[in-house]
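# model the following, please.
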Amino acid sequence: MGKISLSLSQNPLILPTAVISVGDFDHANLITLAYAGKLCFKPSIIAIGIHPQRYSYHLIEELPEFVINLPRDDQMYAVDYCGTRSGRKLNKWEMLKLTKEPSSIVSVPRIKEFPFNIECKIIKKHSFGSHTSFFGEIVAIHADESLVEDGKLKHGDINQLAYIAGKYFQFPNNPVANQNFSLD
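Got it, this is the predicted structure:
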């Protein structure tokens with residue numbers, strides 16, 4: 001079977017659907033990003049990409065911290081809302097009735113209603129054309145207690161959203177069984 005060349009906008013990579021909180025507690029904004037990914041384990045580094053014209057870009061420049069808030073699949077409305085409205089014109093927290101919860105280390109609030117929150121401090125930034133990448137060291141991770149057992153994630157109970165080639169998908173919660181694979 002042959003291969004077909006795709007437009008660069010049809011990238012098949014599975015990207016997380018995350019709502020990023022930026023700015024100090026009283027003036028925090030929310031922005032939906034799919035441009036987020038873990039880059040390194042030690043230290044734990046995550047990069048996010050924000051277009052310089054976005055309101056959130058200026059907030060993250062002022063306070064170099066952010067929180068990655070990962071929603072459940074039933075929180076799609078909030079995800080879409082945060083990605084299609086500007087915080088310059090309205091308060092997304094109030095409009096969506098989301099609760100600002102103090103983070104444990106950074107000054108940026110986390111979304112109480114979302115099951116996962118990853119606190120990050122920016123260690124570097126770099127412009128790559130249309131977006132600026134902010135590299136954040138993970139300083140704290142929080143999960144709803146219902147998703148943790150014996151200090152480990154209960155993977156079968158995690159219902160997240162993924163973003164693939166411009167569309168949102170429910171992320172399947174059926175992990176592939178751990179198998180020992182051999183290259184011999």
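# tell me the centre residue of this protein?
residue 18 (2.9 Å; CA atoms, centre = their mean).
# who's in contact with that residue?
Neighbouring residues of residue 18 by CB atoms under 8 Å, 6 or more residues apart in numbering: 32, 33, 34, 36, 48, 68, 69, 70, 71. C-beta: built from backbone N, CA, C; applies to glycine.
# now with 10 Å, please.
31-36, 46, 48, 67-71, 79, 82, 114, 116, 118, 160-161, 163 (CB atoms under 10 Å, 6 or more residues apart in numbering).
# check residue 5 too.
Neighbours of residue 5 in contact, by CB under 10 Å, 6+ apart: none.
# taking the contacts of residue 18 one by one, which sit in strands?
31-33, 36, 46, 48, 67-70, 116, 118, 161, 163 (DSSP state E).
# would you put the C-alpha positions of stretch 79-91 in CSV?
Extracted C-alpha coordinates of stretch 79-91, given in CSV (Å, rounded to 0.1, in the frame of the first residue of the first chain):
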residue,chain,number,x,y,z
VAL,A,79,-12.2,23.5,27.0
ASP,A,80,-13.7,24.8,23.8
TYR,A,81,-14.9,28.0,25.5
CYS,A,82,-11.4,28.8,26.8
GLY,A,83,-9.9,28.2,23.4
THR,A,84,-12.4,30.4,21.5
ARG,A,85,-12.8,33.5,23.7
SER,A,86,-10.3,36.1,24.7
GLY,A,87,-9.6,36.9,28.3
ARG,A,88,-9.1,40.5,27.3
LYS,A,89,-12.8,40.8,27.0
LEU,A,90,-14.3,38.5,29.7
ASN,A,91,-13.5,36.5,32.8
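# what does that stretch contact?
With CB under 10 Å, 6+ apart as the criterion, stretch 79-91 contacts 17-23, 27-34, 53-56, 58-59, 69-73, 92-93, 95-96, 98, 111, 114, 161, 163, 168.
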